[in-house]
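>>> make a model of this:
(2 chains)
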Amino acid sequence: MNRLGRHLGVFVAVLVVVLAVAAVAPALLGSSGGTSVSGQSPEQYQPSNLQFEPIEESGSITVERPAGTKTVAIDLAHSNDITREDVTPLVSALVDAGHEVRFVGGETSSRTSADSEFGTTLQDVDAYVVAAPSTPFTTEQVDAVEAYAEADGRVLVLEDKPSSGITSMAGLVVSVGSSGVESQADHLGSRFDVAFGTSYLYDMTTDNANFKAVTANPATESGLLEGVEEVVFREAVPVRTGGDADALLTTTPSTTLESTRESGDYTVLARNDNVVAVGDMSFLSPDSYREADNEVLIGNLATFLVSGEKDPNAPSTGPSGDRSPSERPGPTTPEPGDNATEQPASETLRAAAT
Amino acid sequence: MSTDTDATGRSLATYGIVVVAAVLIGTVLAPYAWGVLADDGPSNAVAVVDISGSITTDYVDSLRDTLRDVRSNESIKAVVLRVDSPGGSAAASESLYMAVDKTAQEMPVVATVDGVSASGSYYGIVPSDRIFVKPASMVGSVGVYATVPTTIPDGYVRSGPDKGTRGTVDDVRHTVEQLKRAFLDTVYAHRGGTISLDREQLAYGNVYTGTESVSNGLADEIGSRDSAIASAAEQAGLDQYAIVERETQQTGIILLSQSNGTTTVRTRNDPFGYRGVETTNYLMLWGQPANASGQEVIGR
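Reported below is the predicted structural model:
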């Protein structure tokens, strides 16, 4: 009996030790049991599923070389929401074709150019480009632009994303919102019969670019659209046209206006004689100017700008303004101590300078 | 003498047999003993895992560990994800998705949206077998945007034009489109049979109320947290079960500091980036990070 008891005792003792070790081991050893993991690579994450061909970029800007050197002024005097880099492709193409580009106004000018100086500026140049100004044009400036255009001066007006558009064209071109015309008094827009929308366009069916990339095609035949089949605007707003303006570029039907969520063909480029209005500036930028036929359109716009034969005395600036271009002073460099606010800054780019 | 030796030998042999038998039996019983201390829950349990606040890499690392523990615990038969999050970084959201998807392949996973499950957090719960919402829950915001440092300071000498950046704006747009495609494809891979919104509508990135999300298929049912737990248990075939809470600490978001006996809680300024380094951030987020000012936003 004692022997059996001892055997039983040994059995129990050994069993307890084994089980105790088994029970305590996890606590002592932690994760000594190890683990086994398997990775994941979901099918929808595979590169073959996610890669896509972006909008093709090719070509270069070609500008015709009409007789003589023309001067194009790019407005920076109205707190314009652009940088020089934004318009580099257009500027380079004009300069390469032997023309001059003059930036008028800019950071050194703390206020809008005086009306007489504005008129003088227009007298000196053959084409005037204004993009996304954020300070309004005065009545005198609007009158000067109208007289300038009537005298065969070429005007290119650009506007894009709404953040810079609601007040920017006040005085020059009417801005309209989804509920109708927002700004009506004292506008040249009614004279040019063009107006910019204040809400951006997008296209959710675009499968190879951001939804803000809208595609536009010629709505009619025009020399301004020669060679253009399709352009891509990435910050477009609609351009509304009246009876005297022609809609030249319209978007594809799947394009939608953000404010109303209505889809349709929206005009994004219109022309009224010597005035061209474009509801986008992104196509001029170094990032986008070679997408689709953007470079062809830019070349055509540049040719348009340098193809006018403006009356050198237009617009009139009053008794002191009736001077021939040769009699007028060129851009002046402020002397030390000059008050920069009295003289709008300007910079001229010529082919020789490049 | 010989008899004593024989007796001793037999006795040792007997003890040896007894020891061997005890070891063998102990070995058989060892797994049960092992489980006594290793198993920290009831035999049948539904785990409730919180997903709350911003989805960041650090946070998802913790969530991934939590879900791995849940999967390795034999007593846990189903998981309920309790969600209240506006999303976060794109990479962290994708990691969360894969961790939840992995779990859903092994056991029922049911999500319940307390307040918001938008963008990256919706991405994370989309593999769930069912999604419960309340009428005021906000669900959706399927999409991505990028915040891009606007300038490279003067004086940097770089080895290439794209060094230190994500390249051109076009490059960032391209990436945004790729991430959007992956997000959309993932939603349709898991809920394509229930979502009534077409790809174009979903890509708008809108959020929907709980009621709307049940109608359009982004969610399944109106219900409470307990509804989700009951649903998870039912899918796991459990009649009686314990509910175990698995909390995951938000790391990198909330900073606590104590001085003079008071505790100050503040939010880290740059929850989605890298401290001291401004980079392009791709966000799957409903809302804007507090530090987004001064950066260009692409994709909205």
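>>> how about the residues of the stretch 51-200 of chain B by chain A?
Contact residues, the stretch 51-200 of chain B versus chain A (C-beta under 8 Å from any C-beta of the partner chain): B:68, B:72, B:94, B:98, B:101-102, B:168-170, B:173-174, B:176-178, B:181-182, B:185-186, B:189, B:200. Every C-beta, even on glycine, is put in place using the N, C-alpha and C of the backbone.
>>> quick check: residues of chain A near chain B?
On the criterion C-beta under 8 Å from any C-beta, chain B has as its neighbours in chain A the residues A:3, A:7-8, A:10-15, A:17-20, A:22-27, A:35, A:37, A:40, A:42-45, A:49-52, A:54, A:204-205, A:208-211, A:287-288.
>>> what subset of those is buried?
A:7, A:10-11, A:14-15, A:18-19, A:22-23, A:25-26, A:42, A:44-45, A:50, A:204-205, A:209-211, A:287-288 (16 or more other C-beta atoms under 10 Å in any protein chain shown).
>>> how close does the residue in the stretch 251-354 of chain A positioned nearest to chain B get to B:Ile55?
With C-beta to the nearest C-beta, the shortest gap between the stretch 251-354 of chain A and chain B falls at A:Asp287, namely 5.3 Å. Remark: distance between A:Asp287 and B:Ile55 (C-beta to C-beta, to the nearest Å) = 31 Å.
>>> same thing with B:Leu285?
Here B:Leu285 is placed at a distance of 8 Å from B:Ile55 (C-beta to C-beta).
>>> which residues do the two both contact?
Taking C-beta atoms under 8 Å, 6 or more residues apart in numbering or on different chains as the contact rule, B:Leu285 and B:Ile55 both touch B:87-89, B:120.
>>> what ranges does the stretch 151-300 of chain B have for its helices?
All helices of the stretch 151-300 of chain B, identified by DSSP state H, counting those that start in this stretch, fall at B:169-191, B:199-202, B:210-216, B:225-236.
>>> got TSV for those, with mean pLDDT too?
Conversion of the helices of the stretch 151-300 of chain B to TSV gives the following (pLDDT from 0 to 100):
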stretch	mean pLDDT
helix B:169-191	94
helix B:199-202	95
helix B:210-216	95
helix B:225-236	95
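>>> pipe the ones you listed into CSV and attach mean neighbour count per row.
Formatted as CSV, the helices of the stretch 151-300 of chain B follow (neighbours: other C-beta atoms under 10 Å in any protein chain shown):
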stretch, mean neighbour count
helix B:169-191, 20
helix B:199-202, 16
helix B:210-216, 19
helix B:225-236, 19
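>>> reformat those helices as a markdown table; add distance to B:Ser128.
What follows is the helices of the stretch 151-300 of chain B, written out as a markdown table (distance: least, C-beta to C-beta, whole Å):
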| stretch | distance to B:Ser128 |
| --- | --- |
| helix B:169-191 | 8 |
| helix B:199-202 | 17 |
| helix B:210-216 | 13 |
| helix B:225-236 | 9 |
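>>> show me what the strand ranked longest in chain B is packed up against.
Using DSSP state E, we find that the single longest strand of chain B is strand B:76-89. The elements that strand B:76-89 packs onto, with contact taken as 3 or more C-beta pairs under 8 Å, 6 or more residues apart in numbering or on different chains; DSSP states H and E, are strand B:45-55, helix B:57-72, helix B:90-104, strand B:109-118, helix B:120-125, helix B:225-236, strand B:281-285.
>>> what's the most buried one of these?
For those, average neighbour numbers computed from mean count of other C-beta atoms under 10 Å in any protein chain shown are highest in helix B:120-125, which has a mean of 30.
>>> from chain B, how far out is the nearest residue to A:Ile74 once chain neighbours are set aside?
Spatial nearest neighbour of A:Ile74, excluding adjacent residues (C-beta to C-beta, 6 or more residues apart in numbering or on different chains): A:Val129 at 4.7 Å. Distance from A:Val129 to chain B, counting by C-beta to the nearest C-beta, to the nearest Å: 23 Å.
>>> each with direction, which strands does the helix or strand hosting A:Val129 pair with?
Under the assignment given by DSSP states H and E, the secondary-structure element containing A:Val129 is strand A:127-131. The pairing partners recorded for strand A:127-131 under DSSP bridges are strand A:71-76 (parallel), strand A:154-158 (parallel).
>>> let's have those strands in JSON lines, adding mean neighbour count and mean pLDDT.
Supplementary listing: these in JSON lines, determined by neighbours: other C-beta atoms under 10 Å in any protein chain shown; pLDDT from 0 to 100:
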{"stretch": "strand A:71-76", "mean neighbour count": "24", "mean pLDDT": "92"}
{"stretch": "strand A:154-158", "mean neighbour count": "25", "mean pLDDT": "93"}
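>>> buried ones in the helix or strand where A:Val95 lies?
Assigned by DSSP H and E, A:Val95 belongs to helix A:88-96. By neighbour count, with 16+ other C-beta under 10 Å as the criterion, the buried positions of helix A:88-96 are A:89-96.
>>> can you name the next helix or strand after the helix ranked longest in chain A?
When secondary structure is assigned using DSSP state H, the longest helix within chain A turns out to be helix A:2-29. Downstream of helix A:2-29, the first helix or strand assigned by DSSP H and E is helix A:47-50.
>>> quick one: mean pLDDT for that following helix?
Within the predicted structure, the mean pLDDT of helix A:47-50 is 83.
>>> the residue nearest to A:Ile74 against A:Ala73, yeah?
Yes: if you go by C-beta atoms under 8 Å, A:Val129 and A:Ala73 touch, sitting 6.8 Å apart.
>>> could I get the phi/psi values of the residue nearest to A:His78 when sequence neighbours are not counted?
Residue nearest to A:His78 in three dimensions, not counting chain neighbours: A:Pro133, with 3.2 Å by C-beta to C-beta, 6+ apart. Dihedral angles phi and psi of A:Pro133 (degrees, to the nearest 10) take the values phi -70, psi 150.
>>> please report how far A:Pro133 lies from A:Thr88.
Between A:Pro133 and A:Thr88 the distance is 19 Å, computed by C-beta to C-beta.
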